[in-house]
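Chemist: Pasting the sequence and the predicted model now:
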Amino acid sequence: MSSSLQKAVVKSVLSGDTVILRGRPNNGPPAERQLNLSYAAAPRLGSVKKDTSDEPFAFESRNFLRTLVVGKEVLFRVNHTAQQSGLEFGTLYVAGTPVDVATQCIQEGWCRVRDEARKPGQGEDARELLRLEAQAQAQHRGIWADPGRSPLATLPRPTSFHGDPHAFLAKYRGKSLDAIIEQVREGSTFRLLVYLPNKDQPREFQSVVLFLSGIKCPIVRKGIPGMDDLVEPFGEEAKFFVECRLLQRDVRVILEGLAGTNQNFVGSVIHPAGNIAELLVSSGMAKCVDWSLSMVTGGPAKLQAAERYAQKNCLRLWKNYELKIQLASLRPPKLKDANEAGYHLEAKEYLRKKLIGKQVDVIIDFVRPATDEFEARQCATVTLNHVDVGEQLVALGLAGVVRHRKDDNDRSSHYDQLLAVENNAIAERKGIHSGKKSTAPRVTDASETHSRARQFLPSLQRSGRVHAVIEHVANGGRFKAYLPKERAKVTLVLSGVRVPRVGRTMSDPSEPFGDEAMDLALEKCMQRDVEVEFEAIDKTGGFIGTLWLNHNENFSLTLLEAGLASIHEYSANQSPYSTQLFTAERNAQAARRGQWEDYEGEEEEHVEPAKQVRETSTNGPELVEEPASFAPEYVDVVVSEIIDGNKFYLQFVKDAIPGLENLMAEASVYHQTPAAIMSATASGFQPKVGDICCAQFTIDNQWYRARIDQIQNNVAQVFYIDYGNSEALPFNRLRPLPAAFAKLSAQAHVASLACLKAIPKDQEYGMDAYERLRSMIENRQLVAIIEGRTKLPSAGKSQAAPSSNGTAAVFPTPAPPVVLQVTLYDPVVSDSLEASINADLVRAGLALVNKQDPIGKRNPNQLAHLLRCLEEAKRCHYGMFEYGDTMADDEDNNIE
């Protein structure tokens, strides 16, 4: 029980004895609570869900309380809380009045006194309420009136529309009707009780769902069965804005039309304070919509003016508003006209160079109405440093002047000057007045296919920084760029960084900070002159490179510094700006910018991946010491994962497959049990880097053993130790590994093709090598000859796998870990030396021979055969040799 009075505002009235209170808003809609009036009981309203009707006088009782308290500031005190239902009962005062609300309701006869107040020993307050009830009953007030003599007692209250909506609209269209706003579904959609004028009935209602004409507020959809929740930006704010002003208030409504073929109406709601639609639009919480704008009583002018005000001041929905205008009274060259297409592009380029990124003055001269083919357009005069850019276009012969009719006042405010300038351009035969054809230049799409991109890459790499114009921004790290000198357009992907993805539909939301990264790219890059350093191509024909703004701003660094991108380690390691990239990311992490706002830092010392790569590549991996009489091992294998043209993961058929199949069958049963489902929380499981755990693969939602390699923002990068593939998973897809499942050693063995030097997948021909290798080894059983073993840079240790019972299950891993150097054969094809997969890659010009490999020295016949395959590839111009052998002999062993 609370003895002190608290302040609140009455949001709505549920019945004659129950109200909904709300607090004051604080960064969003405020908290709400239901309060039942102590000692007061009102007739019950009917329920659609329970299929019950209103009790006599239930609506009038609610209406009395609604008129008394809705929208007003009140003081309340909770007297007690029901133990079973949790309902709060209390005393309510309208601010500034000494009599509590329950007393007024009982005195006026719209509530009776609850039975508990009639019990002995309830005090003076209860006795006073009983006295007032008896007085109201004696005077036949409110609910104490004779139901047989009062038509108000039995008239039904509709909860949905009944009748023919077309006939109803025809009867009441354009009339101003009294109504009560019963529900606000979203800022521009209401459910109303409309009072119908009827002399024969003292009270007749119709329940109407109404869309405000001419406008649309953001969607607020929550708790609707069979539909996903959807709350658009500013939707909650618009709904709260309307609820504060209209919910359960008396208003006037004008019906203006029907929304489609259903029973929903379109109309205007008029409050004594004004038209709510105009207020919503001018506050930036709604936009004008064409389909109902013509229905607005009195015309759409006020709504359109309100929208322009919100746009001008960038309010809410118009926060990032961009005004689209057309230069008034100008006729541009026609792009579809072969004779003028070149002038059209020249005019566009002139405006781009002159105006992009500059501050200009805009005067809206008129608005061209929408037609069947075009939307409404705002036509304006634009000046830069007090010079009309439209006049400059006309003076150069890059635009003509529209000849308006004498009675047409929709024209440029500088129309006379435009005509004079055009006459000079005609006299001097400039541009479109020269009589010369100007065709559009032919532009090659260098990213149309991977093979075409591969043809362009060498020359672009030799050119260093290439001038380009960004024509389209797909997301913060992917662009369409036009190269004027090369007359080519390319898809550009920023090297060294991963930028959050941008969603394209409401059902495909953007990743966190994806929209912010795209906004930054649009602001800094769209239609700007830039420079690009090309580094490689991807498998789709996209060019990977560095984007330079203003000659000295690396846009990848800009994204990283702002926390709108993260390092893509492999790509960053290949970048000539590797050090700057890693430094920029660390700076963003330290400042907790963007996606690093919750970053806590690494527990262990972080070694820069670029440094690791440089140190490893300096000395190279260490070859495991083999005896002089080393005998190759022949094993049947299947390839479980392919990394690039010379790195993949093997499983041994004889030993691995049966044990792994049994393990997976047991794991599938285990992970459906309650113990497995609760294991993560019951054991206090906290994923850590290096842990062996169970991970739920996103493709088939099955559970597999995995090692956690990296953790960032509650997302773990895991490596599936029995298959060799990796992916990023949220923590809710990780579980501790039971000790019983840790007995079998990891079944994925990393391997590479003996004596070969492969091309990295992101370099030229790298994807070709990868695809050819995949076509030969994927989904088939092969024979592998293990020619040798190479140590990985770091020695392996036994790892502790967190167990579901709280104990650590020791998981055995190879020590030291090694890369198997193998020669692969497809037994269906042949088992001869000439038919090895190693030889096939070399013969296709998609791999080089490592002449210094000790395995080759132990097997001179094999090395000699591989060298013959290499010479054949060079002679026939296969693969990387399609333009001839451009490598010196010592370069054959140094491809990076």
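Modeler: Received the coordinates, thanks. Residues are numbered from 1 along each chain as shown.

Chemist: Now do the most centrally placed residue in the chain against Gly645, distance only.
Modeler: By Cα atoms, centre = their mean, the chain has its centre lying nearest to Ser510, at 1.4 Å. Ser510 is 34 Å from Gly645, where distance means Cβ to Cβ, to the nearest Å. Where C-beta positions appear, they are placed from N, C-alpha and C, glycine not excepted.

Chemist: Please identify which helix or strand holds the closest residue to Val281 other than its chain neighbours.
Modeler: Spatial nearest neighbour of Val281, chain neighbours left out: Ala306 (4.1 Å); criterion: Cβ to Cβ, 6 or more residues apart in numbering. For Ala306, the enclosing helix or strand under DSSP states H and E is helix 301-312.

Chemist: ditto for Val74
Modeler: strand 73-81.

Chemist: Work out the sheet partners of that strand and label each with its direction, please.
Modeler: strand 6-15 (antiparallel), strand 88-94 (antiparallel) (DSSP bridges).

Chemist: what sits up against the very next helix or strand once past the shortest one?
Modeler: Meaning strand 88-94. Going down the chain from strand 88-94, the next helix or strand is helix 101-107, by DSSP H and E. Contact partners of helix 101-107, identified using Cβ atoms under 8 Å, 6 or more residues apart in numbering, comprise 16-17, 37-40, 42, 61, 64-65, 68-69, 74, 91-94, 111-113, 128-129, 132-133, 135-136.

Chemist: let's see it at 7 Å
Modeler: Outside helix 101-107, the residues within contact range by Cβ atoms under 7 Å, 6 or more residues apart in numbering are 16, 37-40, 64-65, 68-69, 91-94, 111, 113, 129, 132-133, 136.

Chemist: Next: stretch 111-119.
Modeler: 16-17, 39-42, 61, 102, 105-106, 126, 129-130, 133, 143.

Chemist: what do you get for stretch 643-660?
Modeler: So stretch 643-660 is contacted by 635-642, 722-724, 744, 747-753, 756, 758-761, 766, 769-770, 773, 777, 781, 784, 820, 841, 846-847 (Cβ under 7 Å, 6+ apart).

Chemist: Find the residue ranges of the stretch 451-600 of the chain scoring beneath the pLDDT cut-off.
Modeler: By pLDDT under 70, the low-scoring segments of the stretch 451-600 of the chain are 505-507.

Chemist: can you give me the strands for it?
Modeler: Here the stretch 451-600 of the chain has its strands, by DSSP state E, counting those that start in this stretch, at 465-475, 478-483, 488-494, 497-498, 529-537, 543-549, 553-554, 566-567.

Chemist: Now do the fifth one against strand 488-494, angle only.
Modeler: To tie it back to what came earlier, the one meant is strand 529-537. Between the axes of strand 529-537 and strand 488-494, defined by axes from the mean of the first three to the mean of the last three Cα atoms, to 10 degrees, the angle is 80 degrees.

Chemist: and strand 529-537, which strands flank it?
Modeler: Strand 529-537 has the following sheet partners, assigned by DSSP bridges: strand 465-475 (antiparallel), strand 543-549 (antiparallel).

Chemist: relative to its centroid, which residue of this structure is most remote?
Modeler: The C-alpha centroid of the chain is most remote from Ala138, which lies 65.7 Å away (Cα atoms, centre = their mean).

Chemist: contacting residues for that residue?
Modeler: Listed by Cβ under 7 Å, 6+ apart, Ala138 has no contact partners.

Chemist: List phi and psi for it.
Modeler: Per-residue torsions, Ala138: phi -70, psi -30 (degrees, to the nearest 10).

Chemist: can you count the residues close to the residue nearest to Leu564 when sequence neighbours are not counted?
Modeler: Excluding the flanking residues, the one nearest Leu564 by Cβ to Cβ, 6+ apart is Ala517, at 4.0 Å. For Ala517, the neighbour count with other Cβ atoms under 10 Å is 27.

Chemist: in the stretch 201-350 of the chain, which spans are helices?
Modeler: Here the stretch 201-350 of the chain has its helices, by DSSP state H, counting those that start in this stretch, at 235-246, 276-282, 290-293, 301-312, 341-355.

Chemist: Check the ones you listed for me and report the most buried one.
Modeler: Mean neighbour count, computed with mean count of other Cβ atoms under 10 Å, is highest for helix 276-282 among these, reaching a mean of 23.

Chemist: Report the beta-bridge partners for the residue nearest to Lys524 when sequence neighbours are not counted.
Modeler: Spatially, and ignoring its direct neighbours in sequence, Lys524 is nearest to Leu549 (6.0 Å; Cβ to Cβ, 6+ apart). Beta-bridge pairing for Leu549 (DSSP bridges): Val530, Glu553.

Chemist: Look up how far Val466 lies from Leu549.
Modeler: 14 Å.

Chemist: Of those two, which one has the most company?
Modeler: The neighbour comparison of Leu549 against Val466 (other Cβ under 10 Å) goes to Val466, with 23 against 16.

Chemist: Can you list the neighbours in contact with stretch 426-446?
Modeler: Against stretch 426-446 from outside (Cβ under 7 Å, 6+ apart): 333, 338-343, 345, 396-398, 400, 425, 452-453, 456, 487-490.

Chemist: Of those residues, which qualify as buried by neighbour count?
Modeler: Among the contacts of stretch 426-446, those classed as buried by 16 or more other Cβ atoms under 10 Å are 333, 340-343, 345, 396-398, 400, 425, 452-453, 456, 488-490.

Chemist: give me every residue that touches Asp768.
Modeler: By Cβ under 7 Å, 6+ apart, the contact list for Asp768 reads 846, 879.

Chemist: Surely it forms part of a helix?
Modeler: Yes - residue assignment for Asp768, taken from DSSP: H, G, I helix; E, B strand; the rest coil, places it within a helix.

Chemist: okay, now Phe697: neighbour count?
Modeler: 17.

Chemist: how close does it sit to Ala328?
Modeler: 60 Å.

Chemist: got it, and Asn475?
Modeler: 35 Å.

Chemist: re earlier: of all the residues in the strand holding Val74, which ones are buried?
Modeler: 74-79.

Chemist: and which of the residues you listed is nearest Glu236?
Modeler: The closest of the buried residues of strand 73-81 to Glu236 turns out to be Val74 (Cβ to Cβ; 23.7 Å).

Chemist: who touches the residue nearest to the centre of the chain in this structure?
Modeler: 500-503.

Chemist: and the residue nearest to Ala41 when sequence neighbours are not counted, how many neighbours does it have?
Modeler: Excluding its sequence neighbours, the residue lying closest to Ala41 (Cβ to Cβ, 6+ apart) is Arg114, at 4.9 Å. When neighbours are counted by other Cβ under 10 Å, Arg114 registers 19.

Chemist: Using CSV, please lay out the buried residues of strand 73-81 together with pLDDT and distance to Ser47.
Modeler: As requested, these are exported to CSV (pLDDT from 0 to 100; distance: Cβ to Cβ, whole Å):
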residue, pLDDT, distance to Ser47
Val74, 96, 26
Leu75, 95, 31
Phe76, 96, 26
Arg77, 94, 29
Val78, 94, 26
Asn79, 92, 27
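
Chemist: between those residues, which is closest to Gly856?
Modeler: Among these, Val78 lies closest to Gly856 (Cβ to Cβ), at 87.0 Å.

Chemist: Any idea what the spatially closest residue to the closest one that is not a sequence neighbour is bridged to?
Modeler: Excluding its sequence neighbours, the residue lying closest to Val78 (Cβ to Cβ, 6+ apart) is Gly90, at 4.3 Å. Beta-bridge partners for Gly90, by DSSP bridges, are Leu37, Val78.

Chemist: hmm, back to that, CA atoms of the helix holding Ala306 as PDB?
Modeler: Output of helix 301-312 as PDB, limited to C-alpha atoms (Å, rounded to 0.1, in the frame of the first residue of the first chain):
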ATOM      1  CA  ALA A 301      -2.900  22.500 -50.200                       C
ATOM      2  CA  LYS A 302      -2.600  22.800 -46.400                       C
ATOM      3  CA  LEU A 303      -1.200  19.200 -46.200                       C
ATOM      4  CA  GLN A 304       1.300  19.900 -49.000                       C
ATOM      5  CA  ALA A 305       2.400  23.100 -47.300                       C
ATOM      6  CA  ALA A 306       2.800  21.300 -44.000                       C
ATOM      7  CA  GLU A 307       5.000  18.600 -45.700                       C
ATOM      8  CA  ARG A 308       7.200  21.300 -47.300                       C
ATOM      9  CA  TYR A 309       7.700  22.900 -43.900                       C
ATOM     10  CA  ALA A 310       8.800  19.500 -42.400                       C
ATOM     11  CA  GLN A 311      11.000  18.800 -45.300                       C
ATOM     12  CA  LYS A 312      12.600  22.300 -45.200                       C
END
